[in-house]
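Chemist: Provided below for reference: sequence and predicted model.
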Amino acid sequence: MKQVRAKKHLGQHFLNDEGIAQDIVEGLTIHSGYDKVLEIGPGMGVLTKYLLQNQNYQTYVIDIDTDSITYLKNNYTDLNDRIISGDFLKLDLSDQLGDHFGIIGNFPYNISSQIFFKILDDKAQVPEIVCMLQKEVAERLASPPGNKSYGILSVLLQAYYNIDYLFTVEPDRFNPPPKVRSGVIRLRRNEKTNLNCDEKLFRRVVKQGFQTRRKTLRNALKPLNLPADVQEIELLNKRAEQLSVDDFVGLTQLITQWSK
């Protein structure tokens, strides 16, 4: 098999610019001393070849596309048994990769949000992510409070990760070209081991707050049946996009406190 045909139902757009591939890989800082990196959706290995050149970590790859798996096994024999055929969203990360590992990849745009929710579930194991996404999504994740692009995943990810927008990639750098521009971001775990609040409730508050983002939080959070004391606080006069991570944590603490 000489080439892998990009499959629309898998959201595949293969990067064909070697310089950009190298820049993406160089975005990894290995800042937390992890020694394994998992590449999601390697395709024909345009990032993989540069990952394998770094002796500071072991490279693992995972792909749901059996054609890509066959191609990698034939062309990247150095990977040996570190080629995983399967769905990242269903992967038991600890079984495959141990306690700590980085993640890198040109994420399929149609499931990028699902990938990040999976990473959030396993955040204690994943100190760093470098990835390419649809540009608007990448900007949204890195967006500070007050911007219209700031949303649910912005808050949830920024609660645990520092996020940097690295650079933009034009559609003509892919085969086939996507209809949108792409953005590369880096996420590095911050020092918070917990948020000092009920983290399940925190997620519910954030998600509900942005469901009707044009409304004030007092109205947006009505489905949560907040205690009367909570409904009187001034913070609820704001819209969700105006609140920082710390604001959402404080609000969650108040809801927990006054619900007892």
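Modeler: In hand now; what should we look at?

Chemist: residues contacting residue 120?
Modeler: 156, 157, 160 (Cβ atoms under 8 Å, 6 or more residues apart in numbering). The C-beta positions use only the backbone N, C-alpha and C, and glycine is treated the same way.

Chemist: now those as CSV including pLDDT and secondary structure?
Modeler: Formatted as CSV, these follow (pLDDT from 0 to 100; DSSP: H, G, I helix; E, B strand; the rest coil):
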residue, pLDDT, secondary structure
156, 97, helix
157, 98, helix
160, 97, coil
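
Chemist: so can I have a markdown table of the residues you listed showing distance to residue 171?
Modeler: Shown next, in a markdown table, are these (distance: Cβ to Cβ, whole Å):
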| residue | distance to residue 171 |
| --- | --- |
| 156 | 29 |
| 157 | 25 |
| 160 | 31 |
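
Chemist: show me where the stretch 1-150 of the chain has helices.
Modeler: Counting by DSSP state H, counting those that start in this stretch, the stretch 1-150 of the chain has these helices, from start to end: 18-26, 48-51, 66-75, 93-97, 112-121, 135-142.

Chemist: right, and those - which one's nearest residue 228?
Modeler: When the helices of the stretch 1-150 of the chain are compared for distance to residue 228 using Cβ to Cβ, the nearest one is helix 112-121, at 31.9 Å.

Chemist: How far does the closest one sit from its chain's centre?
Modeler: Taking the mean of its C-alpha atoms, helix 112-121 sits 6 Å from the chain's own mean (Cα atoms, centre = their mean, to the nearest Å).

Chemist: looking at the helices of the stretch 1-150 of the chain, which is closest to residue 173?
Modeler: Across the helices of the stretch 1-150 of the chain (criterion: Cβ to Cβ), the nearest stretch is helix 18-26, sitting at 5.9 Å.

Chemist: which other helices and strands contact that closest one?
Modeler: Based on contacts counted as 3 or more Cβ pairs under 8 Å, 6 or more residues apart in numbering; DSSP states H and E, the elements that helix 18-26 packs against are helix 48-51, strand 102-106, strand 128-134, strand 161-169.

Chemist: rerun that using 10 Å as the cut-off
Modeler: helix 48-51, strand 102-106, strand 128-134, strand 161-169, strand 182-189 (3 or more Cβ pairs under 10 Å, 6 or more residues apart in numbering; DSSP states H and E).

Chemist: Those: which one's closest to residue 86?
Modeler: Across those, closest to residue 86 is strand 102-106 (Cβ to Cβ), at 14.4 Å.

Chemist: picking up where we left off before, winner for burial among the helices and strands packed on helix 18-26?
Modeler: Each of those was assessed for mean neighbour count using mean count of other Cβ atoms under 10 Å. The highest is strand 102-106, with a mean of 26.
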